[in-house]
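> predicted model and sequence follow; I will ask about them next.
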There are 2 protein chains.
Amino acid sequence: MKKLVLFLFVILLCTHVSAEDGYRLWLRYNTIDNPALLQQYRQQITSISCPSDDARLIAAHQELQTGLSGLLGKKISLQTTVTNGTILLGLRSHLPFIRKLVGDTALARLGEEGFIIRTVKHEGKNVTLITANKEAGILYGAFHFLRLLQTQQSIQQLSITSVPKIKLRLLNHWDNLNRTVERGYAGGSIWDWQRLPGYIDQRYIDYARANASIGINGAAITNVNANAILLTEEWLQKVAALANAFRPYNIKIYLTARFSAPVEIGKLKTADPLNEEVRKWWKDKTDEIYKHIPDFGGFLVKANSEGQPGPQNYQRTHADGANMLADAVAPHGGIVMWRAFVYSNETPEDRFKQAYNDFKPLDGQFRKNVLVQVKNGPIDFQPREPFHPLFGAMPQTPLMMEYQLTQEYLGFATHLVYLAPLFKEVLDADTHAKNNSTVAQIVDGTTDGHTLTGMAGVSNIGSDINWTGHPFGQANWYTLGRLAWDNTLTSAQIANEWIRQTFTNKQAFVDTVQQLMLASREIQVNYMTPLGLHHIMGYSHHYGPAPWYNKAPRADWNPVYFHKADSIGIGFDRTAAGSNALAQYQPAVQQQFENMATCPETFLLWFHHVPWDYRVHSGKTLWETMCDKYYSGVDSVRWMQHRWEGMKNYIDAERFSQIKQLLAIQEQEAVWWRNACLLYFQTFSRKPIPAKYEKPDHTLSYYEGLEFPYAPH
Amino acid sequence: MKKLVLFLFVILLCTHVSAEDGYRLWLRYNTIDNPALLQQYRQQITSISCPSDDARLIAAHQELQTGLSGLLGKKISLQTTVTNGTILLGLRSHLPFIRKLVGDTALARLGEEGFIIRTVKHEGKNVTLITANKEAGILYGAFHFLRLLQTQQSIQQLSITSVPKIKLRLLNHWDNLNRTVERGYAGGSIWDWQRLPGYIDQRYIDYARANASIGINGAAITNVNANAILLTEEWLQKVAALANAFRPYNIKIYLTARFSAPVEIGKLKTADPLNEEVRKWWKDKTDEIYKHIPDFGGFLVKANSEGQPGPQNYQRTHADGANMLADAVAPHGGIVMWRAFVYSNETPEDRFKQAYNDFKPLDGQFRKNVLVQVKNGPIDFQPREPFHPLFGAMPQTPLMMEYQLTQEYLGFATHLVYLAPLFKEVLDADTHAKNNSTVAQIVDGTTDGHTLTGMAGVSNIGSDINWTGHPFGQANWYTLGRLAWDNTLTSAQIANEWIRQTFTNKQAFVDTVQQLMLASREIQVNYMTPLGLHHIMGYSHHYGPAPWYNKAPRADWNPVYFHKADSIGIGFDRTAAGSNALAQYQPAVQQQFENMATCPETFLLWFHHVPWDYRVHSGKTLWETMCDKYYSGVDSVRWMQHRWEGMKNYIDAERFSQIKQLLAIQEQEAVWWRNACLLYFQTFSRKPIPAKYEKPDHTLSYYEGLEFPYAPH
C-alpha cells in the first residue's frame, strides 16, 4: 500500500511535468486509476510472446509493450516462453496449436485484416491469444486488446472475432506541397517535404500508430487539387520514405493524380486518356511509382471539377479517364478512386443534380479496380445534407463514401461538433434501391455484392500539437476509423470509448461528455443552418454567416442561390415544380421529400420554397420556427458551456481550459450566426423576432460589413 | 533504497510514455539523476515563500513550484512561513529585513531587471533569498536559480548579483498574418490569429516562460515586411490577448509598422511623415494601441528596403520617418526600432555600403527613443560577415544589434550550426572608433554612454513540436537571450549550460557535444562559403549552392555579383581600387583588411579579388586552399556524425535518432555545396581538384539543373 501511494504520487508528478497537450490522442496509456482493476489486470497480463519478426508483428508487440507498461505501471516484456498471463501473438503458420484451436474456416473468414482474441489454455497456462489469417489482423487485434484495457473492460474470458466491414479505410489529406493545407484549421501540413526523404519525423510514426489503432489502412497524402510535381522522381523518393514509415502499421499510400501531368511534367502535347502516348506515360509513371513503393495503393483523382483538368477536356468521359489510370495500376494490384464531386462551369443546372447526371450513365463502364468516391451529400459537406442520390443509383460500381472530418462548414477547429451522428444519419438512410439498400449497405458492398469497398474522411490533421486544433476534433478522426471498420457501431458507442481513452473512465465525466457530444451536431445545425438551409456561409473562406452574399463569379457559389429567400418564403424548390432534383432518388424517397407535409422538417428547405407563414408540425409558422431553432442553438451552446464547467475536477487543467475557451468562442460565433441570419432573413419575412428572445446586439449592416482577409481557407 | 529504486523505475516509465519531443526546451526539470546531489538539494530546498501577488511574482513562484517539484521529485509548495530551506522571493517593500540585508544602493544598482540571489539567515532559518529592485528582477532570479539546479551546481552559499547588459532583448518574428513565416523552417507561425483573441494557446505561455528564462523581454511578433491590417481594431484585440498572456513573464509586444498604413487603412492620400494629417493618424493609432496594450513596447520598421514603402517615397529621410513614429509613442514611453537594412533599387552601389551611406549622415537627427537596428554584417546574415561598418560610426544614435536565429543562409532547420561563435565574433570585433569600442561595447552603450540599448534575434520558432525544427536550433534561441543579458559569456559557457539543461549533465556527453557545437559554425563556413565567399546560395529560396546564378532582376541578388570569379581570380574588391567599402571602417580596421597579406583569410574574398595562384599564409595557392576548405568542411561533418554516434547511450532514443538523421542530411548537403561550388569555380580556375580527394559524384550541369520550387522561403 505504501508503495502504491508513492507510486501514484510519482505518476502525478510525471504527469505534471509533461502536460496533457493532446499529442497522445486516444493512445495515452496512463496507468489504470482503479486500484482493484489494476491489480486484476496485473495478474492477468505478465508478458508478451510473438514468434515472428514480421514488421507488422513487431509494431504490434512494441505497441503492446508501450501500452501495457503504461497501463499497468510495470514493465511488460517480450518473452519467448509462454507463462500464465502471456499475451500471445501469432498466425497459424507460427504455432500449430492455433490451427487446432481455431479452425481453418474461422481463420479464413477473417480475411486480410480480421482478428480473433481469445482467452485460452496453452500448455496448461492461461494465455490471451491474438491471432488472424494475416499479419495485419494481429496488429489490429493488439490495438483492440489495448482498447479493452483503456476502457477498463473485463479481459477475463475473451472470445472476440472482428472483421472490417469495409476494405479501404482512408484519410484524404488536402495538403499542398508548400505545406499549407486546404481547409486546414490545425496549423500546417504534418508532411515536412523539405526534410524528406532524409528525416523521418516521429510524428509520421505516431500518425501511423493512431491510424492503425482505429483500423485506418490508407492515406491519400496530398490535395485532390493536385500538383503534378508530386509525381516527379525527387518527390516520389519523399513519398517512398513516408510509405516505409507507414508500412509496419499496415497503411498504404495513395497519391492524388493531376490529370494533366503528362503535359505538365511529361512534355506531351495532350492528356487525352485515349491517346496511346498518354496511356504509356501513365503506365511508365505508375511502374516508376511501384519501383519506389512496392505496395503503393493507387490514385485518387479530382477531375473536371472546380477548375481541375480531366477527360472532359478531351471530350472523354470520367470512365475513360478512370480506366486509363486503372489499367496502369492494375498489374500491380492498385486501385483508382475517382471523385464524383463535379460540377460544370457551363451548365446552369442545380448543382445538386450534376454528379448524378454525369456519373449515373457511366455505371458499368468502369474497370473492376475503380471506385467512384461520392461525398455524403449532393452539395458540399454542409452541417446537414440528404444522402447523395448516387448512392443506390450505380449498382455495378463500387461507391466509396467521402466524409469531411475537417470542419470547413462546421466551425473550423473552434466548434465542438461530434460528427458521428452526421455520418450515421447518412449511413442509416434507406436509398430504397433494393431490399437491404441503406447507404451503409451500398457502401459496404452488401446491396450489390461488391468486395472492393471504401470509406474516406478528409483529414482534420495539422501541425498543431494536439493534431486537430480542437481536442474534440480528435473524436471525428477516431470516428472515421471505427465506423469504416464497423458501420454498425452507434454514435454513442464510439463517443463512449473515445472519451474513456482520451480523457478518463470516470463515469460522471463519460456520461456528461457523451451527452454533450451526441447533442452537438444538432445544436450546430440549429444555430447555423436549421430546417434544411444550406451553403449560407462566408464566401471563399467559408468562415461565419453570409446569407446575403451574391457577388461570386458563378451563381452556385452564392448563398442567395441556395436559400432563395424572397417576400413569399425561403428554400430551394427541388420538386418537379422546381429543379426536380428529387427525381434522382428512388420513388419512395422522392415521395417522402416531395410533399411538404411528409418531408422531415430537417430537410424542408433543401427541397421546398416554403412560405413564411407555412405552419410546420408544431403549428407554428416557418418564421417562428426558424427563430426558435436559431435561438435554441445558441441556448444549447450555453448549456454545453455550463455542463463543461462542471467537468473541471475530472480532467487535467490544460485541456479543461482549452475546451472552455473554445466553447466561449463557439458561443460568440453561434450568436453571430443566429443574429446575422435572422436579421437578414427578416428583411424578407418582415416579421418580428419574438419578443421573448434577446435582441441582436448589432445591425445587419454591421454583420454584412465584417471581413476576414486572413481566415484560413 | 527500495523506495528509491521503485521511484526511479516509475520515473523511467513516465518518461517512456511521454517521449522527449523537445517541446520542453531547456526547461525540462527532470528529476536530478545524481542521488547524492538530489539528497543534498532536497535538504536545501523545502518550500517557497512569496509575500506578493504581483503577476510576475506569481509567474516566478509557479515556475519554481513546477521546476523544483520536477527536479527534486517531490512536491515543493508555496508557504507563508519561512523554514529551513525556504526559497524566499520578495522586494524590499515586501520584507523590511531585505532592506537591512541588502543596501539601498545595491538594490538600486539592479535597475529594472537585475536580481540578487543570496543564502542568508532569516529568523534563525537558512533561507535562499531572491530579491530585486523591481518584480521583473525576481522573475529572472527565479529562473537563474532553477538553472543552477538544472546544471547541477552547488547552491550552498549563494551570493549572486546579475544585471542585464542590454535593455531591449528581443525576438523578431517574421510571421505573416496568414500564418506562414518568412524564412521559417520549423513549420508555420505559432500565432493562431484565427482563434485569437478568444483562445490562448498553452504554447503562448510556454513561449513566454522560455523567453523569460533566458532574459528575453520583448517580441516583435510580425514580419518586418509588414501588413497594415495588423493595426486595425480587430487585430489589435488579438495582439492585446497575446500581450496579456506575455505580461506576467515581463515580455512586451512590439509591432511592425507598415509605413504606408495611413494610406492603406487610414484612407489618407499620403504617408509623408511631415504631413500633419499623417502625423495625427499615427498619433491616434498609437493612442488606440496603448488603450489595448498599456505596456506596448513600440514599433519595428523596415522602410525603403526591398520594396517596402518609407519616408524616401516622399523625399524625406529615415530620421523623418522614425521621428514621426517616435513622437507618437513617446508620451506612452514607447520606442522605435528603425532598421538600417536598406538598399536602393536605383543606385548601382556596392550593397555593402548602402546602409552606411544612408544612415551615417543622419547621426544625431533621431529622437531619443529611436534605436537604429543594424544587422551584424553589411550584406545579409551570411555564414560569415565582417562587422557592419555602421557600428562605431553613429555615436549619437543607439545601435541595436540584429542577429538571425533562423538559418536562412545556414542550412535551414537541417544543419547543426551553433551560432554563438558567429555572434561573439562580431561582438568581439574592435571598431577602433574610440577606446573601448568593440561592437559589444557600442551595442551595450559603454562606448557612447547610451542607456537605451538593444539586441534582437530573428526568430527560428515555428509550429514544430520542438519549436525550432532542429533540436540544436533551440541553442541559438537560448544564446540570443543569454548573450543579450550578458555579452561577456563565452560561446562555451552558453553551450555548456544549454546542453546540461536540454539533454543531460553526464560529463562525457556535455564535453563531446560542446566540442561539436563550438566547431560547427566554422565547419559550415568551410563547406559553404570559405575564405570570405558570401551570398552564393540558391536564388530566392536560398536553398543550396548556386554560385552560377545570374538571372535575378537586380545585379546584387545574383551570386556572380558577389564572388566575381573570373579567369584571374575570385572575390569582391572592396579596397580603394574597387568599391572602396573599406573606407567606411576606421583606419585601423581598413588597414588590416585592405592589405591582402594582413587581411585574415576568413575575410579574404570579402575584400579582395584574389588570383587563383595567390599564395596564402600556408604557402598553398588560393585554389588549393579553397579545395582544402571545402573538403575539410565535409570531412568535419562526417566527424560530427561519428562523434554523435557515440552519444547514443547518453540520451533518449527519440532525439538521438532525430539528430542522427539530420546530420546525415547535413552531410549530403555539405557534399552538394562542396561539389557544386568547386566544379563551378573550377571553370574559372582551370585547375584540378587535388587527386587525394574523392571526386564529385555529379557534373556541374547536374547541380545547375536542380530546382526546388517548394523549398520554404
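Received, thanks. Note that the structure is predicted; figures quoted are calculated from it, not measured.
> what residues are up against residue A:613?
Listed by C-beta atoms under 8 Å, 6 or more residues apart in numbering or on different chains, the contact partners of residue A:613 are A:621-623. Just so you know, the C-beta spots here come from the backbone N, C-alpha and C atoms, and that holds for glycine as well.
> what are the phi and psi values for it?
phi -90, psi 0 (degrees, to the nearest 10).
> again with the one 5 residues further on
Main-chain torsions, residue A:618, degrees, to the nearest 10: phi -70, psi -10.
> can you name the helix or strand that the residue of the stretch 601-713 of chain A found nearest chain B falls in?
As assessed by C-beta to the nearest C-beta, chain B sits closest to residue A:665 within the stretch 601-713 of chain A, at 3.9 Å. Assigned by DSSP states H and E, residue A:665 belongs to helix A:653-685.
> closest to residue A:570 out of the contacts of residue A:613?
Closest to residue A:570 out of those is residue A:622 (7.4 Å), distances taken as C-beta to C-beta.
> confidence score at the closest one?
Residue A:622 carries a pLDDT score of 98 in this model.
> pretty sure it contacts residue A:565?
No. Counting by C-beta atoms under 8 Å, residue A:622 sits too far from residue A:565 to count as a contact (11.1 Å).
> what's the very next helix or strand once past the helix holding residue A:665 in contact with?
As assigned by DSSP H and E, the chain's next helix or strand after helix A:653-685 is helix A:700-705. By C-beta under 8 Å, 6+ apart, the residues outside helix A:700-705 that reach it are A:545-546, A:548, A:672, A:675-676, A:679-680, A:683.
> with stretch A:264-282 instead?
With C-beta under 8 Å, 6+ apart, stretch A:264-282 has contacts from A:228-229, A:231-232, A:258-263, A:285, A:309, A:311, A:313-314, A:316, A:320-321, A:323-325, A:327-328.
> and it, average pLDDT?
If you average the pLDDT values across stretch A:264-282, you get 98.
> and what of stretch A:26-35?
97.
> centre of the chain to stretch A:87-96, how far?
From the chain centre to the centre of stretch A:87-96 is a distance of 33 Å (C-alpha atoms, centre = their mean, to the nearest Å).
> do the same with stretch A:678-689
36 Å.
> find the nearest non-adjacent residue to the closest residue to chain B within the stretch 201-350 of chain A, please.
Residue nearest to chain B within the stretch 201-350 of chain A: residue A:202 (5.9 Å; C-beta to the nearest C-beta). Excluding its sequence neighbours, the residue lying closest to residue A:202 (C-beta to C-beta, 6 or more residues apart in numbering or on different chains) is residue B:654, at 5.9 Å.
> you'd agree the one you found is up against residue A:203?
No. Residue B:654 lies out of contact with residue A:203 (C-beta under 8 Å); the separation is 11.1 Å.
> check contacts around residue A:312.
By C-beta under 8 Å, 6+ apart, residue A:312 lies in contact with A:303-304, A:318.
> count of neighbours near residue A:81?
Close neighbours of residue A:81, defined as other C-beta atoms under 10 Å in any protein chain shown, add up to 9.
> spatially nearest residue to it (excluding sequence neighbours)?
Residue A:81 sits nearest to residue A:49 (C-beta to C-beta, 6+ apart), 7.3 Å away.
> tell me how many other residues surround the one you found.
By the criterion of other C-beta under 10 Å, residue A:49 has 21 neighbours.
> distance of it from residue A:116?
Per C-beta to C-beta, to the nearest Å, residue A:49 is found 16 Å from residue A:116.
> confidence score at the residue nearest to residue A:132 when sequence neighbours are not counted?
What sits nearest to residue A:132 in space, not counting adjacent residues and going by C-beta to C-beta, 6+ apart, is residue A:115, at 4.4 Å. pLDDT recorded at residue A:115 is 98.
> and residue A:95, by the same measure?
88.
> list the beta-bridge partners for residue A:117.
residue A:130, residue A:160 (DSSP bridges).
> that one and residue A:141 touch, don't they?
Yes. Using C-beta under 8 Å, residue A:117 is in contact with residue A:141, at 5.4 Å.
> how is chain A partitioned into domains?
Annotated domains of chain A cover A:2-162, A:173-488, A:526-572+A:609-704 [automatic domain parsing].
> and the ones you listed, which is most packed in?
Ranked by mean neighbour count under mean count of other C-beta atoms under 10 Å in any protein chain shown, the domains of chain A are led by domain A:173-488, which reaches a mean of 22.
> quick check, nearest of the contacts of residue A:312 to residue A:553?
For the contacts of residue A:312, the closest approach to residue A:553 (C-beta to C-beta) belongs to residue A:304, at 17.8 Å.
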